[in-house]
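In: need a structure here:
(2 chains)
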Amino acid sequence: MIEKVFSIDIEAPVARVWQEITRTNARCRPMFGTMLLVKLEPGAPLRYRSMDGKHTFVAGEIVEVAAPTRLVHTFVFPNLPDAPTLVAWELTATASGTRVTVTHSRFEGETKTYKAVYGSWPKILGLFQQVIEAGDVGAGTKFQHWMMGAMSFVLPKSLRTDVVEAGLAKRPPRIA
Amino acid sequence: MTDDLDPVWRALANPMRRAFLDALRRGPKTTGELAAFFPGVSRFAVMQHLGVLEEAHLVVPRREGRERWNYLNPVPIRRIYERWVSRYDESIVSDQTALKAAAESATPAPVVSRRARKSP
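Out: Below is the predicted model:
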């Protein structure tokens, strides 16, 4: 099993960083402009969906919550056959703000899920830093998100929210 | 915005520390495992190098019992890339675009690099 760590220092209080990471029903620029849908309690489902709700890109289940310092959830790409993986967010106070550490584990080798997330986490954390410290992301990132929205008709059927939910009902994103 | 990459550059300036990062790329290692990987280096030197890498946030340590596991953190490398590679790449591309436009137009426009344009 592969386990990877990604860590960044953000110049803001822990509570502020937590708020940004767990913000629901709003566009999350760092997460490819998707929105997070979740209730922060163990066993609750977690989804990253397109702004119109029609597509679901990431699904999972909350494993552990200790606001504002620790959030653990399972993680699957609904269109990939890989087994559920585990994401742990840890926020620790530092002299200048918050150290955010993401531990993504339980990859069964260098799977497609592994390959997709390994390059993405540094980018995601960098964008969280930008959003929190500078207030917003750059125009280039926004343009990318706009394009992704405009091009959503090219997305495979397997990412359609109804298809995803039907699949998850049969195979919950849970780690035994 | 935090843009203090000095500790990262300092950490990367040493070939032994770069070799450590390559070794950790395959997965986390205990300090003992890392030391065994580099038989010519004293345990003390290994710990010193790890200290510099941790300072630069390139290595994240995790304690498990008496063992210290060292994880590679690729995030600072990404920041170096964004600050020093992608930005300069972009200027090369735009210079080439200007060159192409100048070459193709009937009345060639002067080719001025982005950096030259910016400086007073």
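In: C-alpha only now, for contacts and for neighbours.
Out: Noted.
In: touching chain B at all, the helix or strand bottoming out on mean pLDDT in chain A?
Out: Least confident helix or strand of chain A, by mean pLDDT, DSSP states H and E, is helix A:139-150 with a mean of 91. No. Under the criterion of Cα under 8 Å from any Cα of the partner chain, chain B is not reached by helix A:139-150; the shortest gap measures 13.0 Å.
In: Can you list the buried residues in the helix or strand following that helix?
Out: Remark: after helix A:139-150, the chain's next helix or strand is helix A:161-170, criterion DSSP states H and E. Within helix A:161-170, the residues scored as buried using 16 or more other Cα atoms under 10 Å in any protein chain shown are A:161, A:164-165, A:168.
In: Tell me who's in contact with the closest residue to residue A:141 other than its chain neighbours.
Out: Excluding its sequence neighbours, the residue lying closest to residue A:141 (Cα to Cα, 6 or more residues apart in numbering or on different chains) is residue A:29, at 7.9 Å. Neighbour list for residue A:29: A:127, A:131, A:137, A:141-142, A:145 [criterion: Cα atoms under 8 Å, 6 or more residues apart in numbering or on different chains].
In: pLDDT value on the residue of chain B found nearest chain A, please?
Out: Nearest residue of chain B to chain A: residue B:75, at 4.8 Å (Cα to the nearest Cα). Looking at residue B:75, its pLDDT reads 96.
In: if we can go back for a sec, what's next to the least confident helix or strand of chain A, contact-wise?
Out: Contacts of helix A:139-150 (Cα under 8 Å, 6+ apart): A:29, A:32-33, A:50.
In: Just put these in JSON lines and tack on pLDDT, distance to residue A:16 and secondary structure.
Out: Shown next, in JSON lines, are the contacts of helix A:139-150 (pLDDT from 0 to 100; distance: Cα to Cα, whole Å; DSSP: H, G, I helix; E, B strand; the rest coil):
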{"residue": "A:29", "pLDDT": "94", "distance to residue A:16": "16", "secondary structure": "helix"}
{"residue": "A:32", "pLDDT": "94", "distance to residue A:16": "20", "secondary structure": "coil"}
{"residue": "A:33", "pLDDT": "94", "distance to residue A:16": "19", "secondary structure": "coil"}
{"residue": "A:50", "pLDDT": "96", "distance to residue A:16": "24", "secondary structure": "coil"}
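In: Phi, psi for the spatially most central residue of chain A please.
Out: Centroid-nearest residue in chain A: residue A:31, 5.9 Å away (criterion: Cα atoms, centre = their mean). When read as degrees, to the nearest 10, the backbone of residue A:31 gives phi -90, psi 50.
In: tell me the helices in the chain, going along the chain?
Out: Just going to use chain A. Counting by DSSP state H, chain A has these helices, from start to end: A:14-21, A:112-118, A:120-134, A:139-150, A:161-170.
In: ah, no, chain B please
Out: Counting by DSSP H, chain B has helices at residues B:6-12, B:15-25, B:31-37, B:43-55, B:75-80, B:87-104, B:114-118.
In: Perfect, I'm done here.
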